[in-house]
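Enquirer: 3D, please:
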Amino acid sequence: ISSEKCTYGSVKETCGELIEFCKQHSIVFNGYSPFGSGRRAKDMLEEPKLVEIAKRHNVSSAQVVLNWQWSLGIPVIRKP
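Expert: Predicted structure coming up:
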């Protein structure tokens, strides 16, 4: 059993090469801290496009982010 984790959020994908490596080697990639931390998290969840999508589907911005990552096959771990 093997897995790898990396901070992974919707504003800027920083783990693209790592995700591809994991897929090629049957390693589970875990995205943690999907909302960032501190001010970055607040800014990200208030991103106009994200808010627009959330309103359109009657959900929160956080739910949009989590669903987006889940749809990519990335298990998400919340960083406290």
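
Enquirer: In the chain, what residue spans correspond to helices?
Expert: 16-24, 39-45, 48-56, 61-71 (DSSP state H).

Enquirer: winner for burial among these?
Expert: helix 61-71 (a mean of 16; mean count of other CB atoms under 10 Å). (Glycine included, C-beta is placed from N, CA and C.)

Enquirer: coming back round to it: and the helices of the chain as TSV, adding distance to Asn30 and mean pLDDT?
Expert: Putting the helices of the chain into TSV (distance: least, CB to CB, whole Å; pLDDT from 0 to 100) gives the following:
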stretch	distance to Asn30	mean pLDDT
helix 16-24	9	83
helix 39-45	18	77
helix 48-56	22	94
helix 61-71	10	87
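
Enquirer: what's the nearest residue to Tyr32 if we skip its chain neighbours?
Expert: Distance criterion CB to CB, 6 or more residues apart in numbering; nearest residue to Tyr32, sequence neighbours excluded, is Ile77 at 4.1 Å.

Enquirer: Kindly provide the distance from the one you found to Gly36.
Expert: 14 Å (CB to CB, to the nearest Å).

Enquirer: In terms of neighbours, single out the busier of these two.
Expert: Between Ile77 and Gly36, counted using other CB atoms under 10 Å, Gly36 has the larger neighbour count: 20 against 11.

Enquirer: Now for Ser60, how many residues are close by?
Expert: 14.

Enquirer: Then Cys15?
Expert: Per other CB under 10 Å, the neighbour tally for Cys15 reads 18.
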